[in-house]
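[1] Below is the sequence, then the predicted model.
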Amino acid sequence: MKKQFLAILLILSPHLFANEIDKSTLPVDEKSFIEAISRFNKDEILKALGEPASKEDIKIKSSDQVIGSVWQYHHINTAENGSYYPTTELDFLDEFVETVVFKNNNGEPLGSPSQTYKIQKP
């Protein structure tokens, strides 16, 4: 009986861990990236992607407490057609990504079309 239980456990074990995300890397396609990024905090994103090209903290004026951040990376995500977005913006509340914006420009406000996604927390 123990051998049968062990055999079943060994057969099922790859499927049990298939949904775990490798936190050392992130997928590049936009849909998978959005799904994965919701599980990362700022430190894990820094380990996976390095320092952002630009970083801006949002503070409460009266206390200088940081309540949010906007990070921008360049050429890290692809659209459905395989082309790279020039800029990916990660908007944080506290330590986690709240919104992801894929921009078709270098991050400067030029009015170019962009794709914005609100993160659904697991």
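    Structure received. Residues are numbered from 1 along each chain as shown.

[2] Test of understanding: give the bridge partners of Lys59.
    The bridge-partner assignment for Lys59, based on DSSP bridges, gives Val66.

[3] And it, how close does it get to Val66?
    In this view, Lys59 and Val66 are 5 Å apart by C-beta to C-beta, to the nearest Å. No exception for glycine: its C-beta is placed from N, CA and C like everyone else's.

[4] go on, Thr88?
    For Thr88 relative to Val66 (C-beta to C-beta), the value is 21 Å.

[5] more neighbours, the two?
    Thr88 (27 against 12; other C-beta atoms under 10 Å).

[6] Against which helices or strands is the one helix or strand that one maps to packed?
    Using DSSP states H and E, the secondary-structure element containing Thr88 is strand 87-93. For strand 87-93, the contact count by 3 or more C-beta pairs under 8 Å, 6 or more residues apart in numbering; DSSP states H and E identifies strand 66-74, strand 96-103 as packing neighbours.

[7] So what touches that strand?
    With C-beta atoms under 8 Å, 6 or more residues apart in numbering as the contact definition, strand 87-93 has outside contacts at 33, 37, 42, 45, 52-53, 67-74, 76-77, 97-103, 105-107.

[8] just the buried members of those?
    In terms of neighbour count (16 or more other C-beta atoms under 10 Å), the buried residues within those are 33, 37, 45, 52, 69-74, 76-77, 97, 100-103, 107.

[9] quick one: low-confidence parts of the chain?
    Filtered on pLDDT under 70, the chain yields the residue ranges 1-24, 107-122.

[10] Looking at the helices and strands packed on strand 87-93, which is nearest to Asp29?
    Ranking these by proximity to Asp29 (C-beta to C-beta) places strand 96-103 first, at 10.8 Å.

[11] circling back to that earlier point, what pairs with the strand holding Thr88, parallel or antiparallel?
    Within its sheet, and counting by DSSP bridges, strand 87-93 is paired with strand 66-74 (antiparallel), strand 96-103 (antiparallel).

[12] Tabulate those in a markdown table, adding columns for distance to Leu26.
    A markdown table is the format used below for these (distance: least, C-beta to C-beta, whole Å):
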| stretch | distance to Leu26 |
| --- | --- |
| strand 66-74 | 10 |
| strand 96-103 | 11 |
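
[13] If anything else comes up later, I'll come back, but that's it for now.
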